[in-house]
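got a structure for you, letters missing:
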Ligand SMILES: [Fe+2]
C-alpha cells in the first residue's frame, strides 16, 4: 500500500468525476470511506489500497474530512438456503461500521456485501434512517478506476438512465424478445418506488452507484410467455448455488406474471428447488413472482481480464452494458421477516425490449441514443468515452 502510488490521468478523471458529480462532496463534510479487507485477498469485496488512498486524497483536496475504515465482514456460508435466515438470525452490518455511519455525512463504500440492491434490507433501511447518502464505488481497484467504464462521464450515464426510464410508461404494453425463442409480453405497472413516474435522479437519493449503469425495473402486470436464459448475475447465482454461466439453457414459462415451470438441465432443477423453499417463507405469490425487466445502459461496461482478473466481477459489470437485460425471480419486500433484497437476476444478452411503440433496447442499441438531452450532455465531454464504448476498449473482453 502506498498513498504515493503514481496516479494515471485515467484514474484521476474517474476519481474527480465520482467525487464531484456522484458523491457531490462539500467542504467540511465528514466522509467515511469503507473497505473490507477480505477483498484484498480474493474475497468478494474486491478492493485495493491504492484506489482507497486516491479517493481519500481526493476527498481531502476538496476540504472535507476523510476517514478510512477497513472492516472485517462476518464470515458465513455463501449459499443462503434451504434454511433461510430471518431478520433476527441473519448476519448484521458490523456494529463498529454502524457507529461510524451514524457520525458520517457521506459514505463511500467499496464493500460489495453492503450494496443496497443485492444484499441485506438492513442497509437501505439504515441509510434512510440516518439520512446518509452512500456512494457505492464499484470501480474499487486502481486498474478498474483506469477503465473506460469508470471514465465515462457520470452525468452522461445519469442522463441516459433518466431518459430511458422516461420510456417506461405505466399502462403500456411491453414486449421482451430474443432470437433464442424468448417472447414475454405484459403491461407496465406502477413503479415499485411509488408514484407514476419511473424516472428519477439518483443524486437526490441515498443510493448512488458509481459508475451507474441501470434504469429502474419495469413492474410487469399479467406478463405471459417464455423466457429462455443460460446465465444469471453472479451475486445471487452464488447465493443460490448455481454457476453464473449455466451448463444448459433454462426455459421459464410465465403466466400472469408468475413462474409456472422451469425446464432444462441441472440449473433448472436447483432453481426450481430454491423457489419451492422460498415459497415456504414468502408464499407462492411472492416466491414465483416475475419482476423487472430492466437492463444495462453503460456503453463501456465491458472489462478485460487484465483490468479485473475476477470473472464473476467482470460478469457483474457486463450486466450494465446495453446488450444486457434481466428479469428478477421472486419478490422479498412484503415479508418483513425476510432479510434479503431478492435480486435473482436471470440475464439475457442481445434481447430486444419495446414499450408501447418505443424501442428501449435493441440488441445492445439504446432507444435514447439520439435523445436531444443525451446528445447535449455528451457534447460537454468530447474527450471522454460516451456512446462509442467500443472505441475505448483495451484488451480482450469475454
Ligand atoms: Fe435488477
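Done, it's in. Note that the coordinates shown come from a computational prediction; the quantities given were computed from them, not determined experimentally. Numbering: from 1, shown residues only.

contacts and neighbour counts: CA atoms only from here.
Noted.

in the protein, which strand has the most residues?
strand 220-232 (DSSP state E).

How is this protein partitioned into domains?
9-146, 151-391 (automatic domain parsing).

Can I get those domains in CSV including mean pLDDT and mean neighbour count?
Formatted as CSV, the domains of the chain follow (pLDDT from 0 to 100; neighbours: other CA atoms under 10 Å):
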stretch, mean pLDDT, mean neighbour count
domain 9-146, 96, 18
domain 151-391, 96, 20
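
Isn't residue 385 up against residue 148?
Yes - using CA atoms under 8 Å, residue 385 makes contact with residue 148 at a distance of 6.2 Å.

Name the residues contacting each of these two.
Listed as contacting both residue 385 and residue 148 by CA atoms under 8 Å, 6 or more residues apart in numbering are 300, 392.

what residues are up against the nearest residue to residue 183 once chain neighbours are set aside?
By the measure of CA to CA, 6 or more residues apart in numbering, the closest residue to residue 183 outside its immediate chain neighbours is residue 177, 4.4 Å from it. Residue 177 is in contact with 183-184, 351-353, counting by CA under 8 Å, 6+ apart.

So which residues of the stretch 151-300 of the chain form helices?
154-166, 234-240, 266-282, 284-287 (DSSP state H, counting those that start in this stretch).

Can you say which of the ones you listed is nearest to residue 307?
helix 234-240 (18.2 Å; CA to CA).

Show me what the closest one is packed against.
Judged by 3 or more CA pairs under 8 Å, 6 or more residues apart in numbering; DSSP states H and E, the packing partners of helix 234-240 are helix 266-282, helix 311-318, strand 344-349.

Reformat the helices of the stretch 151-300 of the chain as TSV; add distance to residue 326.
TSV is the format used below for those (distance: least, CA to CA, whole Å):
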stretch	distance to residue 326
helix 154-166	15
helix 234-240	12
helix 266-282	16
helix 284-287	17
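
Identify whichever of these lies nearest to residue 206.
Nearest of these (CA to CA): helix 154-166, 15.1 Å.

How far does that closest one sit from its chain's centre?
15 Å (CA atoms, centre = their mean, to the nearest Å).

what does it contact?
So helix 154-166 is contacted by 17-18, 21-22, 197-202, 210-216, 297-298, 360, 367-369, 371, 373-374, 377-378, 386 (CA under 8 Å, 6+ apart).

gap between residue 112 and residue 135?
Relative to residue 135, residue 112 is positioned 12 Å away (CA to CA, to the nearest Å).

One more: residue 345?
Distance from residue 345 to residue 135, by CA to CA: 22 Å.

Now do the helices in the stretch 1-150 of the chain.
9-17, 49-61, 95-102, 122-130, 142-145, 148-151.

just to revisit the earlier point, what pairs with the longest strand of the chain, parallel or antiparallel?
Strands that pair with strand 220-232, judged by DSSP bridges, come out as strand 183-188 (antiparallel), strand 245-255 (antiparallel), strand 344-349 (antiparallel).

Make CSV out of the ones you listed and add distance to residue 49.
Listed next are the strands paired with strand 220-232 as CSV, based on distance: least, CA to CA, whole Å:
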stretch, distance to residue 49
strand 183-188, 44
strand 245-255, 31
strand 344-349, 31
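
and of those strands, who's closest to residue 71?
Per CA to CA, nearest to residue 71 of the strands paired with strand 220-232: strand 344-349, 26.8 Å.

Per-residue confidence, residue 397, what does it come out as?
What the model reports for residue 397 is a pLDDT of 65.

Test my guess that residue 342 contacts residue 121.
No - using CA under 8 Å, residue 342 makes no contact with residue 121, being 9.3 Å away.

Overlap in contacts, the two.
Going by CA under 8 Å, 6+ apart, no residue sits against residue 342 while also sitting against residue 121.

Of the strands paired with strand 220-232, which is nearest residue 330?
The nearest among the strands paired with strand 220-232, by CA to CA, is strand 344-349 at 7.2 Å.

re earlier: can the helices and strands packed on helix 234-240 go into CSV with extra columns for distance to residue 246?
Shown next, in CSV, are those (distance: least, CA to CA, whole Å):
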stretch, distance to residue 246
helix 266-282, 6
helix 311-318, 13
strand 344-349, 11
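
Now tabulate the contacts of residue 177 in TSV and tack on distance to residue 269.
Below are the contacts of residue 177 laid out as TSV (distance: CA to CA, whole Å):
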residue	distance to residue 269
183	22
184	22
351	24
352	27
353	28
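
What residues does the closest residue to residue 349 other than its chain neighbours make contact with?
With CA to CA, 6+ apart as the criterion, residue 349 has its nearest non-adjacent residue at 4.5 Å, and that residue is residue 324. Contact analysis of residue 324 by CA under 8 Å, 6+ apart lists 295-296, 318, 347-351, 364.

hmm, 6 Å instead?
Going by CA atoms under 6 Å, 6 or more residues apart in numbering, residue 324 touches 295-296, 348-349.

Residue 359 contacts residue 367, doesn't it?
Yes - here residue 359 reaches residue 367: they are 5.3 Å apart, a contact under CA atoms under 6 Å.

Stretch 239-253: end-to-end distance?
One end of stretch 239-253 to the other measures 23 Å (CA to CA).

ditto for stretch 177-196
End to end - CA to CA - stretch 177-196 spans 25 Å.

likewise stretch 133-143?
Using CA to CA, the two ends of stretch 133-143 sit 26 Å apart.

do the same with stretch 237-247
Per CA to CA, stretch 237-247 runs 13 Å from first to last residue.

For it, report the contacting residues that lie outside it.
With CA under 6 Å, 6+ apart, stretch 237-247 has contacts from 78-80, 230-232, 234.

Tabulate those residues in TSV, adding columns for distance to residue 10.
Output for the contacts of stretch 237-247, formatted as TSV (distance: CA to CA, whole Å):
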residue	distance to residue 10
78	35
79	37
80	39
230	35
231	32
232	31
234	28
